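**Student:** the sequence and its predicted three-dimensional model are supplied below.
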Amino acid sequence: MLDPLDLLVFFAVLGVMIIVHEFGHFFAAKRAKVAVERFSLGFGPQLISFMRNGTRYAICLIPFGGFIKMAGDSLEECKGRPGEYLAQPVWKRFAIVFSGPLLNYCLGVVLFCFIFFAGYPALTSTIGEVMPGYGAEKVGLRAQDRVVAVEGRPVELWDDLQHEIFTRSSQQAIELSVVRGGSQVNVSVPLVTETAEDVLGQRRNVGRVGIKPDFNRTVFVRHTALESVSLGVKKSVDLTVLTYKAMGLIVTGRLSFKESMTGPVGM
């Protein structure tokens with residue numbers, strides 16, 4: 001059963017996405033001097049409605065969707081007048097259509113930048129559990145040991161530690177710098193190469209030493225404004241590349257369409 005809070009969050013997120021998306025169309029249409037007759041958030045009976053500069057703005061009862069209505073946006077309505085959508089050259093119509101998703105994409109970039117600047121919780125590189133049979137157990141690593149470097153590269157967060165270990169699957173052993181009881185020691189940990197699925201469901205070789213994080217040890221990570229912009233743009237680019245890789249795998253049949261796509265609530 002769907003949690004009411006999940007439903008509320010879904011409609012709130014969808015509402016923001018629609019407003020931004022439709023505003024992209026609206027702004028581009030106005031710049032192209034195309035008359036916008038209506039800007040509506042939602043469908044069904046109107047709750048609020050007012051006219052301004054030739055456009056009727058409305059909020060409707062059913063908050064699932066939204067639209068803008070441009071003059072002459074259908075063959076039946078278009079009379080060839082200058083302010084009509086279909087009377088515009090192809091490049092202007094393309095700009096109007098493309099501006100909606102473009103503004104949604106820009107919103108994503110801005111939100112990522114904001115998250116990096118405002119801060120977020122992250123797991124530290126403190127070990128919470130040592131798994132039996134792996135290299136960490138063999139060299140005597142223990143819960144509450146804190147890994148501060150991998151092969152001389154400093155690490156503070158679990159994600160960084162995991163990345164450094166996973167990407168060294170070709171090595172026989174890996175050197176970890178560990179802090180225990182105020183003292184730092186360097187240990188050479190045998191590395192086990194295992195096959196695991198990545199986020200796209202593709203099998204990859206990864207290195208493992210047999211440790212799990214301490215989920216009670218977190219830090220609040222914040223970045224400077226300049227770092228946040230750089231990280232936000234990088235995150236957006238990475239997710240864009242990942243999306244197109246996934247689409248390519250779906251087209252070639254290497255990734256299940258049914259298992260990889262999500263519905264409105266998942267969105």
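**Tutor:** Yep, that arrived. Numbers count the residues shown, from 1 in each chain.
**Student:** host element of residue 149?
**Tutor:** According to DSSP states H and E, residue 149 maps onto strand 146-150.
**Student:** got the contact list for the residue most central in space within the chain?
**Tutor:** For the chain, residue 239 is the residue whose C-alpha lies nearest the centre (CA atoms, centre = their mean; 6.2 Å). When contacts are counted by CB atoms under 8 Å, 6 or more residues apart in numbering, residue 239 touches residue 108. From N, CA and C alone the C-beta is placed, and that goes for glycine too.
**Student:** measure it to residue 248 for me?
**Tutor:** 15 Å (CB to CB, to the nearest Å).
**Student:** again, but for residue 124
**Tutor:** Separation of residue 124 from residue 248 (CB to CB) stands at 36 Å.
**Student:** count the neighbours of residue 155 for me.
**Tutor:** The tally of other residues near residue 155 (other CB atoms under 10 Å) stands at 21.
**Student:** list the contacts for it?
**Tutor:** Residue 155 neighbours (CB under 8 Å, 6+ apart): 125, 147, 148, 149, 161, 164.
**Student:** which one of those residues is nearest to residue 82?
**Tutor:** Checking the contacts of residue 155 against residue 82 with CB to CB, the nearest one is residue 164 at 60.9 Å.
**Student:** neighbours of the nearest residue to the closest one once chain neighbours are set aside, just the number please.
**Tutor:** Counting by CB to CB, 6 or more residues apart in numbering, residue 150 is the residue found nearest to residue 164 once chain neighbours are left out, at 3.9 Å. For residue 150, the neighbour count with other CB under 10 Å is 23.
**Student:** tell me the spacing between residue 100 and residue 223.
**Tutor:** Applying CB to CB to residue 100 and residue 223 gives a distance of 30 Å.
**Student:** same thing with residue 16?
**Tutor:** 24 Å.
**Student:** cool, residue 159 as well?
**Tutor:** Residue 159 is 14 Å from residue 223, by CB to CB.
**Student:** what sits against residue 150?
**Tutor:** Counted by CB under 8 Å, 6+ apart, residue 150 has contacts 161, 164, 165, 168, 174, 175, 176, 177.
**Student:** and the gap between it and residue 125?
**Tutor:** As judged by CB to CB, residue 150 and residue 125 stand 9 Å apart.
**Student:** and for those two, which residues touch both?
**Tutor:** Here residue 150 and residue 125 have residue 161 as joint contacts, going by CB under 8 Å, 6+ apart.
**Student:** can you classify the residue lying farthest from the centre of the chain by secondary structure?
**Tutor:** Of all residues in the chain, residue 79 has its C-alpha farthest from the mean position, at 43.1 Å, by CA atoms, centre = their mean. Following DSSP: H, G, I helix; E, B strand; the rest coil, the label given to residue 79 is coil.
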